[in-house]
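Visitor: Fold the following.
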Amino acid sequence: MSGVLAEGTDVGYYVQGKRLLDGHIKEHGIYCYCCNTVVSPSQFEGHAGRAARRKPYHNIYISNGVSLHELSVSLSKGRKPSEKQNDDLCSICSDGGELLLCDSCPRAFHRECVGLSCVPKGAWCCRYCENRQQRESYLAYNNNAIAAGRVDGVDSIGQIFTRSIRIATAPQGAFGGCALCKQHDFGKKKFSERTVLLCDQVSSSITSIHDMPVLSCHAVF
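Guide: Alright, predicted model coming up:
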């Protein structure tokens, strides 16, 4: 995640459209709000009470509805395996010869073994990759993705690289409380003069002026 997700990127663990645990990206892991420590994605899943699932990347979502699994798959696309990385035996009959190479994975096949009479034009994916892509398409628009903030027709992956996603907190050292009074006694139960507001567009800490109604100086924009 380093270099892809900005430190402070808001994440949550979702099951059946419900957010079970909050956190944000920090260092090389996730800062978990239940224990206030940096943990791995697998540990974050365990803290959400779903350790037995063993699919943290499928259930941890960014604020725009992209799962860590979808993000990792997106990053790997376009990286066609080199000729040396492809299998030299057919994945079905385990024999060599003239093989058809999958453009999405290292597998190789005889045309006859996959029911093709000729070499297909353009990119070709094996049935294993086609099934995976169908599953990924479902994961992109299931209840968890929608609950996490997925919007149909929006380039969600593009939002990540343009930093158009929620930054839950500023990086360590950049935010030491309210930027004006430096206090940490923020109100969490109701909207009041102690309420903190976080800007969804920038990660820097800029506060409102002291005489703003209700918010006073405890508003971080």
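Visitor: Residue 117 reaches residue 100, doesn't it?
Guide: No - using C-beta atoms under 8 Å, residue 117 is not in contact with residue 100, being 11.8 Å away. The way it works is simple: take the backbone N, C-alpha and C, and place the C-beta from them, glycine included.
Visitor: Comparing these two, which shows the higher neighbour count?
Guide: Taking neighbours as other C-beta atoms under 10 Å, residue 117 and residue 100 compare with residue 100 leading, 18 against 6.
Visitor: What confidence value was assigned to that one?
Guide: For residue 100, the model assigns a pLDDT of 91.
Visitor: The closest residue to it other than its chain neighbours and residue 117, how far apart?
Guide: Nearest non-adjacent residue to residue 100, counting by C-beta to C-beta, 6 or more residues apart in numbering: residue 109, 5.1 Å away. Using C-beta to C-beta, to the nearest Å, residue 109 is found at 14 Å from residue 117.
Visitor: likewise residue 130?
Guide: 19 Å.
Visitor: how many neighbours does residue 76 have?
Guide: 9.
Visitor: And the longest strand anywhere in the chain, what's buried?
Guide: Secondary structure assigned by DSSP state E gives strand 18-26 as the longest strand of the chain. Of all the residues in strand 18-26, those buried under the rule 16 or more other C-beta atoms under 10 Å are 20-26.
Visitor: With stretch 100-114 instead?
Guide: Buried residues in stretch 100-114, counted by 16+ other C-beta under 10 Å: 100-102, 104-105, 107-110, 114.
Visitor: One more: stretch 52-66?
Guide: Buried residues in stretch 52-66 (16+ other C-beta under 10 Å): 56, 58-66.
Visitor: Tell me which two of these sit farthest apart.
Guide: Using C-beta to C-beta, the pair of the buried residues of stretch 52-66 lying farthest apart is 56 and 64, separated by 18.5 Å.
Visitor: mind listing the strands for this protein?
Guide: Under DSSP E, the chain gives strands at 10-15, 18-26, 29-32, 37-39, 60-62, 100-101, 108-109.
Visitor: and the gap between the residue sitting nearest the centre point of the chain and residue 23?
Guide: Residue closest to the average C-alpha location in the chain (C-alpha atoms, centre = their mean): residue 68, at 3.0 Å. Plainly put, residue 68 is 12 Å away from residue 23 if you go by C-beta to C-beta.
Visitor: any common contacting residues for those two?
Guide: Common neighbours of residue 68 and residue 23, using C-beta atoms under 8 Å, 6 or more residues apart in numbering, are residue 11.
Visitor: wait, doesn't residue 111 sit right on residue 100?
Guide: Yes - counting by C-beta under 8 Å, residue 100 is a contact partner of residue 111 at 5.5 Å.
Visitor: any residues in contact with both of the two?
Guide: With C-beta under 8 Å, 6+ apart as the test, residue 111 and residue 100 both reach residue 119.
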